[in-house]
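Novice: Pasting a predicted model and its sequence here:
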Amino acid sequence: MRIDIVGTGLGPGSITREGQQVIDDAGLLVGSSRLIEAVGGDGQTAVVASRPDEVIAAIEASRAGRVAVLMSGDVGFHSGATKVADWVRASRPDIELRLVPGVSAVAGLAALAGVPWQDACLVSCHGSDTDLVSPVRRHRRTIALTGGNVAGLATSLADAGYGELDVWAGQDLGQPGESLTHTTIERLPGKPWSALTTLLIENPGFDDRVPAGLPDERFARGTVPMTKSAVRAIVAARLAIRPADTCYDIGCGTGSVTVELALAAYAGRVFGVDKNPEAVGLTRQNCRAFHVGNVTAEQGSAPEALECWPAPDVAFIGGSSGVMREIVRAIARRNRQVRIAITAIAIESAAAAIDALAAAGFDPRVVQIGVAEGRATGGLHLMVAQNPVTLIYGGCDD
C-alpha cells in the first residue's frame, strides 16, 4: 500500500500539478467532505474523515493500493498530516509514505497583502488558551491562523496595548468569497469573520529582548510594595527561567516580578496572586504597559489559589502572610522539580523561608543582597543604601 498525504492548498485553483496527479491516480480519497467535494474525481471511492484518528481508521480498513489523504493548506504547518504520518511510520512500516506540499494560508495571505513573510512568526491559535500577544511583541510580523476566534484574539491584543497595530485579515483564502481587509487590531471585533480567517500583524516597534532588572521607575506603583530592580535581576538569575516555563508569583504586589517572569517565559504562562485588590489592579496595569498577554493575575490567598493553576516550573514568593510552609508544600506537591525563590526583609521571614524549603525536601541556599544607588546632590553623587534583602532559593540551577 502507498499513502500520499496531499496538501490541497487554498482550494482547487492552488493545488500543485504533482498534488493533482496524486489525487487522480489514487484508488481511495480520504478527507473532509469539503476537500473531497473540491478535488475528488469522478468514480473515485472516498471516505469522509476529518480528525487524524478517523483518517487512520479509514486507512486501516482500506484495501486500495494507493490512498490519497487530503489536508487543507500545507502538510507541514499545523496540519493533521503530522499525526497520520507519525502513525504510519510507527505502526505500519510496510506502507510507502509520501507527503506532497501545498500552498498554505500563510503564503497565500502574505502574497495577497504584498508583504514578505520570511521573518514572520507563525502561530496557530486553534487552542482555547493561545497567547498571541507575546509573538506580536517579539516580532516585526506575526501570521496567525485564528481558528475562528478573531474577536477574542483582537481583544487580547488591544488589552495588551496593541489596538493601533496594522493588520491584514484574509478571509476564506482561495475560496469564491475570498477577501482581504487592511485595518487595525482594535477594529477587528466589530466585524463578522469566518473560521477560515488568517491575520498578518505588523509591529514596527517589536522588542525581542529578555530583560532582567527593569528600571523601577517604569512601573506604576501606588502604595503597594515592589521588589526592586537589582533584586529582580538576581532572582531571575537564580530561577533560570526558560521560554516555555509555567511560573507562579505569590504576593505579586505591583507585578514587577510578574512582568519579568512573563517576558522571560514568553512561550509559557505566569500566574500571580495577591490578597490586596490594589496590587492585582497594578499588576494588570503594568502587564499592559509592557505588552504581556501570558499572565493571569487574580485576588486571593495562597496556597488555596494554587489549586486551580497548572503545575509550576518556577515559583517566586514575595509575600506569604505567615503561611510559608503551607505555600512551599503546596508548590512542591505540584512539581518536585520546581525552582523556588523567596525574598525576605525581616530576619524572621528569612528563617521561615529556610525552614519551609528544608521541610519540603529542598536544600536551601541563602544570599543577602545589599544595594546602594547613586543620587546627585549638590553637584556630587552620594550612594544611598536600600534595605538589605535576603534571597532564599531551592531547586534552582547552579
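Specialist: Alright, I've got the coordinates.
Novice: State the mean pLDDT of stretch 198-218.
Specialist: If you average the pLDDT over stretch 198-218, you get 95.
Novice: I figured residue 68 hits residue 2, correct?
Specialist: No. Using Cβ atoms under 8 Å, residue 68 is not in contact with residue 2; the gap is 9.5 Å. Any C-beta I mention is one placed from the backbone N, CA and C, and that applies to glycine too.
Novice: Between those two, which has more neighbouring residues?
Specialist: A direct count of neighbours by other Cβ atoms under 10 Å for residue 68 and residue 2 places residue 68 higher, at 27 against 16.
Novice: That one: what's its closest spatial neighbour, skipping adjacent residues?
Specialist: Once flanking residues are discounted, residue 68 sits nearest to residue 26: 3.6 Å by Cβ to Cβ, 6 or more residues apart in numbering.
Novice: ok, how many other residues are close to that neighbour?
Specialist: 25.
Novice: For the residue lying closest to residue 44 once chain neighbours are set aside, identify the helix or strand it belongs to.
Specialist: Nearest residue to residue 44 in three dimensions, chain neighbours excluded: residue 29, at 5.6 Å (Cβ to Cβ, 6+ apart). Here residue 29 sits within strand 28-31, counting by DSSP states H and E.
Novice: mind exporting that strand as PDB, just the C-alpha atoms?
Specialist: Output of strand 28-31 as PDB, limited to C-alpha atoms (Å, rounded to 0.1, in the frame of the first residue of the first chain):
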ATOM      1  CA  LEU A  28      -9.200   5.900  -2.400                       C
ATOM      2  CA  LEU A  29      -9.600   9.600  -1.200                       C
ATOM      3  CA  VAL A  30      -9.700  10.300   2.500                       C
ATOM      4  CA  GLY A  31     -10.500  13.800   3.800                       C
END
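Novice: which other helices and strands contact that strand?
Specialist: Packing partners of strand 28-31 (3 or more Cβ pairs under 8 Å, 6 or more residues apart in numbering; DSSP states H and E): strand 45-48, helix 52-61, strand 66-71.
Novice: Next, format those as a markdown table and append distance to residue 357 and mean pLDDT.
Specialist: Shown next, in a markdown table, are the helices and strands packed on strand 28-31 (distance: least, Cβ to Cβ, whole Å; pLDDT from 0 to 100):
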| stretch | distance to residue 357 | mean pLDDT |
| --- | --- | --- |
| strand 45-48 | 57 | 90 |
| helix 52-61 | 44 | 91 |
| strand 66-71 | 50 | 93 |
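Novice: and among these, the most buried is which?
Specialist: Among those, ranked by average contacts under mean count of other Cβ atoms under 10 Å, first place goes to strand 66-71 (a mean of 25).
Novice: Okay then, goodbye and thanks.
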